[in-house]
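**Student:** Provided below are the primary sequence and the corresponding predicted coordinates.
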Amino acid sequence: MNSEGQNPSLQIISDSPDETMQIGQKIGTALKGGEVITLIGPLGSGKTLMVKGIAAGLGSADSRSVTSPTFVLVNEYTGPRMRLDVYHFDAYRLESVGEFEMLGFDDLCRSDSVVLIEWADRVACALENIDAIDIELSHIDKNTRQISLKNAPDYILDSLK
């Protein structure tokens, strides 16, 4: 939240997968630590591409190492080049909110890390008291996506101007 207590939002159109990653990279470069980012959208909308970009902005040397944790449920991206630790959750296959909580979500929300949650709408009740940055991606056509940021702090919004 910004200092005025508003919930600022921003709408962006991405015309390609590369552009979606570049938007993510700008967000990643601006992150300070302690942020929780929810990613919501249908299959193929670019959630994992956005995560790849965010990880690149935080110093990930190889975006190919950033993959959706659909079956392992959470991936950790750390290393000497990374400014912050990244914990990447995928709630798609979770059976319950309790299962999400048992993955250690609360323990990973730290000032030296960023938590990214794909399919966050499936665990929304576990996030009710979290001041998360919400990113919703939707299809416009085969390559074009609408990206909506909600509850983004000014330093994130400024990075996208």
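**Tutor:** Received, thanks. Numbering: from 1, shown residues only.
**Student:** residues in contact with the nearest residue to residue 45 once chain neighbours are set aside?
**Tutor:** Take residue 45 and drop its neighbours on the chain: the residue closest to it by Cβ to Cβ, 6 or more residues apart in numbering is residue 137, 4.0 Å away. Glycine gets a C-beta too; all of them are placed from N, C-alpha and C. Counting by Cβ atoms under 8 Å, 6 or more residues apart in numbering, residue 137 touches 20, 39-41, 45-47, 50, 145-148.
**Student:** Looks to me like residue 137 is in a strand.
**Tutor:** Yes - assessed by DSSP: H, G, I helix; E, B strand; the rest coil, residue 137 belongs to a strand.
**Student:** Now do it against residue 119, distance only.
**Tutor:** Distance from residue 137 to residue 119, counting by Cβ to Cβ, to the nearest Å: 12 Å.
**Student:** What is the neighbour count of the closest residue to residue 113 other than its chain neighbours?
**Tutor:** Leaving out its chain neighbours, the residue that sits closest to residue 113 by Cβ to Cβ, 6+ apart is residue 85, at 4.1 Å. Look at residue 85: counted by other Cβ atoms under 10 Å, it has 17 neighbours.
**Student:** Now residue 85, what are its backbone angles?
**Tutor:** Dihedral pair for residue 85: phi -70, psi 140, per degrees, to the nearest 10.
**Student:** Equivalent analysis for residue 54, please.
**Tutor:** Taking degrees, to the nearest 10 as the convention, residue 54 sits at phi -60, psi -40.
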